[in-house]
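**Q** sequence plus the predicted model coming up.
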Amino acid sequence: MKSIIAAGLLLGASAPAFAGPYVNVENNAAWQDGFDTAVTETHVGYEFENGVYVQAGPAFVSVDGEEGSTEISGKVGVSTEVAENLEVYGEVGFITEDQSFEYEELALSTKVGVTYRF
């Protein structure tokens, strides 16, 4: 189940476009021969003026054929402009398993990318 949840996290989340507090509700779902899993995260976060952001909150996990569960998830990331119209970003996310914060039990994910605006 940990790999399914991690895959859901990798499907994406992005930081808001302004500095200050924010709320982010996001659903990541996967299908392969029908519905497999979904993770709905309800995060409260804060983005700093330097482009760094942190967010965390409950994550509602639904796996086909299993009873739903509630975990804790969060993300920390950064986005910065490196040239005119060119931005790079990176993010590290986590989600608990059985609401345990022990490192061996956390599902971790990363996201990195580049955005060019025309």
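**A** Yes, it's here.
**Q** so how far is the helix or strand harbouring Gly93 from its chain's centroid?
**A** In the assignment (DSSP states H and E), Gly93 maps to strand 86-95. Distance, stretch centre to chain centre, for strand 86-95: 9 Å (C-alpha atoms, centre = their mean, to the nearest Å).
**Q** residue ranges with poor pLDDT in the protein?
**A** For the chain, residues meeting the criterion pLDDT under 70 lie at 1-17.
**Q** could you rerun that using 80?
**A** Judged against pLDDT under 80, the low-scoring parts of the chain cover residues 1-18.
**Q** which strands and helices sit next to the longest strand anywhere in the chain?
**A** If you go by DSSP state E, the chain has its longest strand at strand 69-83. Packing partners of strand 69-83 (3 or more C-beta pairs under 8 Å, 6 or more residues apart in numbering; DSSP states H and E): strand 35-47, strand 52-63, strand 86-95. Yep, even glycine has a C-beta here, placed from its N, CA and C like the rest.
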